[in-house]
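In: Sharing a model that was predicted from the sequence below.
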Amino acid sequence: MQSTIPTTIDPWEAKRRLAALVNIPDLRNPNWEAKAIEFIDRYGPLRKPRTGPPRTKVDYALDAASIAVEFRRVWKPQKDCSESEMEHISIFLDSIFEASPYEVWRGSAVRTDFATGKWEPSPRNQLDHLAIQLVRSRKMLSRCQHCGRYMVKETSRDYYCANTCSEKGGSKRKKEWAENNREETNRRRRKPTKKGRAA
């Protein structure tokens, strides 16, 4: 397991990790623990433990699975999110970004630059990076139209999470389109009859 907390994660990698986190199954799913541990093994813990005894890998996995549940609440087009869902995720994100009572010296995940009059995100751990990316990608949160996996779209025309899904899903969409438009296609293929032709 990676023990270091990344100080920087480039946006593309942050999107990839965010999608991987949100694809950890719900706690009612018997595979949640294996998938969460797979995430932790690959990317490391989301944040350092607070005070107390040393944490096990399962503790970190449970933290990741719990965060995934909260992030999934708004993983849909914004127009489909209720006001209460928007308010809930805002409050939840505030709780992530605020200063920890166990690490007061680290401050919050937002820094004030009075000289420029701006507030800038200042991630302290991997969870901060992914929470910031969730906000920045809020209009690009989607699900693969073939396999249903959660994904962060690169462009508004992205429908699939991977090339394999694109190939399978693309042929399925073409087949569905052909089925739905068969009559129109056949009509266009028929040769037009000449008007005024003698019987």
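Out: Perfect, I can see it now.
In: Show the low-confidence segments of this protein, by residue range.
Out: Applying pLDDT under 70 to the chain flags residues 1-7, 50-51, 169-182, 185-186, 190-199.
In: can you pull out the helices in it?
Out: 11-22, 32-43, 57-72, 83-97, 126-136, 163-180, 182-189 (DSSP state H).
In: Same list (those helices) but as JSON lines, adding mean neighbour count and distance to Phe114.
Out: Just so you know, the C-beta spots here come from the backbone N, C-alpha and C atoms, and that holds for glycine as well. Below are these laid out as JSON lines (neighbours: other C-beta atoms under 10 Å; distance: least, C-beta to C-beta, whole Å):
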{"stretch": "helix 11-22", "mean neighbour count": "19", "distance to Phe114": "27"}
{"stretch": "helix 32-43", "mean neighbour count": "18", "distance to Phe114": "35"}
{"stretch": "helix 57-72", "mean neighbour count": "18", "distance to Phe114": "32"}
{"stretch": "helix 83-97", "mean neighbour count": "14", "distance to Phe114": "19"}
{"stretch": "helix 126-136", "mean neighbour count": "22", "distance to Phe114": "21"}
{"stretch": "helix 163-180", "mean neighbour count": "12", "distance to Phe114": "48"}
{"stretch": "helix 182-189", "mean neighbour count": "9", "distance to Phe114": "64"}
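In: just so I know, which of those lies nearest Val104?
Out: Among these, helix 83-97 comes nearest to Val104, with 14.5 Å by C-beta to C-beta.
In: Determine the set of other helices and strands touching the closest one.
Out: Helices and strands touching helix 83-97, by 3 or more C-beta pairs under 8 Å, 6 or more residues apart in numbering; DSSP states H and E, are helix 57-72, helix 126-136.
In: picking up where we left off before, now the helices of the chain as TSV including distance to Glu120?
Out: Shown next, in TSV, are the helices of the chain (distance: least, C-beta to C-beta, whole Å):
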stretch	distance to Glu120
helix 11-22	15
helix 32-43	24
helix 57-72	22
helix 83-97	12
helix 126-136	10
helix 163-180	36
helix 182-189	54
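In: now for those, which one comes closest to Arg106?
Out: Of all these, helix 126-136 comes closest under C-beta to C-beta, at 10.2 Å.
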